[in-house]
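Student: Can you look at this prediction? I've put the sequence above it.
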Amino acid sequence: MLDATVRDRARRLLTASGRSNVPPFMVMDVMAAAARIEAAGGHVIHMEVGQPSASAPKPAIAAARAALGLGRIDYTSALGIPSLRARIARHYRETYGCAVEAERVVITTGSSGAFILGFLALFEPGDRVAVTVPGYPPYRHILTALGCEPVLIETSSETRHVLTGDALLAAHRSAPLQGVLVGSPANPTGTMMSREALTGLMAAAEGAGIRFISDEIYHGLDYAFPAVTAAELSPDALVINSFSKYFCMTGWRVGWMVVPESIVRPIERLQQNLSISVPTLSQIAAEAAFEGRAEMEEIKRGYQENRRILIDGLPQAGLDSFLPADGAFYLYADVSKFTSDSFAFAGEMLERARVAATPGVDFDPVHGRQFVRFAYAGSADEMREAVARITEWLR
């Protein structure tokens, strides 16, 4: 039996570290609340999670089944299966007309694993890394957990909610930045950077010695104009992508990076120690997924229809102000005419309209109380039903 002194000392030893004290990813809390309603027999329309409702491409599933039939699923190289890395390099040639060496491609555990590896390889504890708001919350949270300082730069309608070189350099003059991370198409806004805008931002970063990270996880889901990859514009950019969104493979947890040649070996060493390798079955499926592009383009057309339904329908409910939805599958709607607390608004919408969406405070600690993010990755019927439910609730 431990005495009181020893028990008290043991409790102190089991206290969580300060670096683990990051905010929750609020969308997961919304999911949990929706699940409780469904467990009680309610029907919820899920628009909170950025997760396609469609299945992975048929060739990916077939390849995984065939691999399972062989019985053994072994480790792979820490950088990934060579044929998958080569197939991704080919993807850049075919899609963007961009030459990327397979040796610079690193397979990761989704984009989340890529952020961890990339941040560890590029930054020291205490380094300041710029991210935009509104923006994907784990950018900030992962940087914080790794001991870096996320520097929030607000975007505005004047720049279509994309980061400009002038804004980046202004933040750099205030206190030096070591890095900047941008996403296009962006989460939660759906906005995209034009070639001119991306080129200007990258030139500003390079001129100031700021490392550039491009989150391209929603590439392929572009409606306003074709997405531009940072890999085409500079060999020094670190580019992150994933099979989760366009290829509908969220739970497979497989992504990739295109990295500067100088950090291939550092990232390999990190991967060897942190995870050994990405799950082999997922890598096999991912390579085959490229043969399912026709399926994925059909799904993309469904997203475009969902986008139209919301843009046309939500104004009938009074939600008539939202950021440009150039790509991805999100609509970031201004709800300030109804509330000054988007968290409470989202909770009431879930309880009364049975529509789950994510409060903007998850994406923007500055102005997020005015916004709610709707994910339109479900079916057209669900989108129409969501519009009808929200309209009835708000009227």
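Tutor: Good, I have the coordinates.
Student: for this protein, longest helix please?
Tutor: Of all segments of type helix in the chain, defined using DSSP state H, the longest is helix 293-313.
Student: pull the CA atoms of that helix into CSV?
Tutor: Extracted as CSV, the C-alpha positions of helix 293-313 are listed here (Å, rounded to 0.1, in the frame of the first residue of the first chain):
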residue,chain,number,x,y,z
ARG,A,293,-9.4,9.0,-61.7
ALA,A,294,-12.6,8.6,-63.7
GLU,A,295,-14.5,7.6,-60.6
MET,A,296,-13.0,10.5,-58.6
GLU,A,297,-14.0,13.0,-61.3
GLU,A,298,-17.6,11.8,-61.1
ILE,A,299,-17.5,12.4,-57.4
LYS,A,300,-16.0,15.8,-57.9
ARG,A,301,-19.0,16.7,-60.2
GLY,A,302,-21.2,15.7,-57.3
TYR,A,303,-19.4,18.2,-55.0
GLN,A,304,-19.9,20.9,-57.6
GLU,A,305,-23.6,20.2,-57.6
ASN,A,306,-23.7,20.2,-53.7
ARG,A,307,-21.9,23.5,-53.8
ARG,A,308,-24.5,24.9,-56.2
ILE,A,309,-27.3,23.7,-53.9
LEU,A,310,-25.9,25.5,-50.9
ILE,A,311,-24.9,28.7,-52.6
ASP,A,312,-28.4,28.9,-54.1
GLY,A,313,-30.3,27.6,-51.1
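Student: Which residues does that helix contact?
Tutor: Counting contacts by Cβ atoms under 8 Å, 6 or more residues apart in numbering, the residues outside helix 293-313 that touch it are 52, 54, 57-58, 220-221, 223, 246-248, 322, 325, 329, 331, 374, 376-380, 383-384, 386-387, 391. Backbone N, C-alpha and C define where each C-beta goes, glycine included.
Student: One more: stretch 221-235?
Tutor: Here stretch 221-235 makes contact (Cβ under 8 Å, 6+ apart) with 92, 96-98, 100, 104, 184-185, 192-195, 198-199, 202, 206, 212, 214, 216, 218-220, 237, 239, 245-246, 258, 260-261, 300, 303-304, 307, 324-329.
Student: Packing partners of the helix or strand harbouring Ala344?
Tutor: Ala344 is part of helix 342-353 when elements are defined by DSSP states H and E. With contacts taken as 3 or more Cβ pairs under 8 Å, 6 or more residues apart in numbering; DSSP states H and E, helix 342-353 sits against helix 26-39, strand 355-356, strand 358-359, strand 371-375, helix 380-394.
Student: Try it again at 7 Å.
Tutor: Judged by 3 or more Cβ pairs under 7 Å, 6 or more residues apart in numbering; DSSP states H and E, helix 342-353 is in contact with helix 26-39, strand 358-359, strand 371-375, helix 380-394.
Student: what pairs with the second one, and is each one parallel or antiparallel?
Tutor: The pairing partners recorded for strand 358-359 under DSSP bridges are strand 371-375 (antiparallel).
Student: do you know how far the nearest residue to Arg384 once chain neighbours are set aside is from Ser157?
Tutor: Nearest non-adjacent residue to Arg384, counting by Cβ to Cβ, 6 or more residues apart in numbering: Ile309, 5.8 Å away. The gap separating Ile309 from Ser157 is 24 Å, by Cβ to Cβ, to the nearest Å.
Student: Show me which of these two is the more surrounded one.
Tutor: Between Ile309 and Ser157, counting by other Cβ atoms under 10 Å, Ile309 is the more crowded of the two (18 against 9).
Student: Not counting its own residues, what contacts the helix or strand where Trp256 lies?
Tutor: In this structure, Trp256 is located in strand 255-258 according to DSSP H and E. For strand 255-258, the external contacting residues (Cβ atoms under 7 Å, 6 or more residues apart in numbering) are 88, 100, 104-108, 110-111, 113-114, 118, 231, 238-244.
Student: same thing but 8 Å
Tutor: Outside of strand 255-258, the residues within contact range by Cβ under 8 Å, 6+ apart are 80, 85, 88, 92, 100, 104-114, 117-118, 217, 231, 237-244, 267.
Student: Stretch 34-42 too?
Tutor: Val44, His46, Glu48, Leu350, Glu351, Arg354, Ala356.
Student: neighbours around the residue lying closest to the fifth one once chain neighbours are set aside, how many?
Tutor: It refers to Glu351. Counting by Cβ to Cβ, 6+ apart, Ile37 is the residue found nearest to Glu351 once chain neighbours are left out, at 7.7 Å. As a burial measure, Ile37 scores 15 neighbours (other Cβ under 10 Å).
Student: tell me the contacts of Met349?
Tutor: Contacts for Met349 (Cβ under 8 Å, 6+ apart) come out as Val355, Ala356, Ala357, Val372, Ile390, Trp393.
Student: ok, back up a step: could you identify which of the helices and strands packed on helix 342-353 is most buried?
Tutor: Ranked by mean neighbour count, the helices and strands packed on helix 342-353 are led by strand 358-359 with a mean of 29 (mean count of other Cβ atoms under 10 Å).
Student: ok, residues contacting that strand?
Tutor: Outside strand 358-359, the residues that reach it (Cβ under 8 Å, 6+ apart) are 26-27, 30, 48-49, 188, 342-343, 345-346, 368-369, 371-373, 375.
Student: Good, wrapping up.
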